[in-house]
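[1] A structural model of the following input is requested.
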Amino acid sequence: MAAIDRRQFLTLTGGTAALLTLGASRSEQSKAKVPALTNRIKLQAWTSTGKPMPAKVFNQTFFLTLGDEPMPNPPRQVDSGVLWTTPPPVPFAIVLYLAVKGFGKVALYADNQGRGYTPADFPLNLNLACAESRIHRVRTGPIPSISLQNTSER
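    Predicted structure coming up:
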C-alpha cells in the first residue's frame, strides 16, 4: 500500500473542506451520466498534490451498507485516478483506506450525507464526497452523553 505523509493527508482533507466551505460545487462534467450501455460506475480520486490517486492506493476502496458493514466486492478496473466497478443493487456507502506516513492507517468514508449512493450519483469525485460526508457527520452526528454518576456505584 502506498503511503502519504501526515502533512499531505491534512492538506488533502483540509483543502477539500475549505473548497466546500467556500461554496465550490461539482462541475457539470463530473455530474455527467455513465454511458447507458454499461451498468458500471466511475469513481475518481486525486492525491493532495492534485495528481491522480495511484491505482495501488485507489484499489483500497470498498462498498459498505448504510450501517457501515462491508458488502461483497464486485469486479473492478482500477487505473491511476479512476475506478470502474459494478454498483451494489441497494444504496451504499464507500470507504477508502489510506496509509498516512507518520500517522497510520485511516479510513475515509463517503455516504452521500447518510442517504447512500446509487448509480445516478456517478461519476463521483471521491475526494469531494468524503469531505461532504465528513462535514455532514460532524454537523449532524449525535453528541455523546457523559455520565456524571460515580462508576463505582453501578
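
[2] Please, where are all the helices along the chain?
    In the chain, the segments counted as helices under DSSP state H are 6-21, 55-58, 126-140.

[3] ranking the ones you listed by mean pLDDT, which is last?
    Of all the helices of the chain, the minimum mean pLDDT falls on helix 6-21 (a mean of 49).

[4] what about the strands in the chain?
    For the chain, applying DSSP state E gives strands covering 3-5, 41-44, 61-64, 76-79, 82-85, 93-101, 104-110, 124-125.

[5] For the last one, which helices and strands make contact with it?
    The one in question is strand 124-125. strand 41-44 (3 or more CB pairs under 8 Å, 6 or more residues apart in numbering; DSSP states H and E). To be clear about C-beta, it is placed using only N, CA and C from the backbone, and glycine gets the same treatment.

[6] List the neighbouring strands of the strand it packs on plus their orientation.
    strand 82-85 (antiparallel), strand 124-125 (parallel) (DSSP bridges).

[7] mind checking which of these is nearest Asn59?
    Distance to Asn59, taken as CB to CB, is lowest for strand 82-85 among the strands paired with strand 41-44, at 7.6 Å.

[8] got the buried residues for the closest one?
    82-85 (16 or more other CB atoms under 10 Å).

[9] just stretch 64-76 next, same as before
    For stretch 64-76, by 16+ other CB under 10 Å, it's Leu64.

[10] Just the C-alpha atoms of that stretch, please, in PDB.
    Coordinates of each C-alpha in stretch 64-76 appear next as PDB, following Å, rounded to 0.1, in the frame of the first residue of the first chain:
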ATOM      1  CA  LEU A  64     -20.400  -0.600   2.800                       C
ATOM      2  CA  THR A  65     -24.000  -0.900   3.800                       C
ATOM      3  CA  LEU A  66     -25.500   2.300   5.300                       C
ATOM      4  CA  GLY A  67     -24.900   0.600   8.700                       C
ATOM      5  CA  ASP A  68     -21.100   0.600   7.800                       C
ATOM      6  CA  GLU A  69     -21.000  -3.200   7.300                       C
ATOM      7  CA  PRO A  70     -18.800  -4.500   4.400                       C
ATOM      8  CA  MET A  71     -20.500  -5.600   1.100                       C
ATOM      9  CA  PRO A  72     -19.300  -8.100  -1.400                       C
ATOM     10  CA  ASN A  73     -16.600  -6.600  -3.700                       C
ATOM     11  CA  PRO A  74     -17.700  -6.700  -7.300                       C
ATOM     12  CA  PRO A  75     -15.100  -7.000 -10.100                       C
ATOM     13  CA  ARG A  76     -13.300  -3.700 -10.800                       C
END
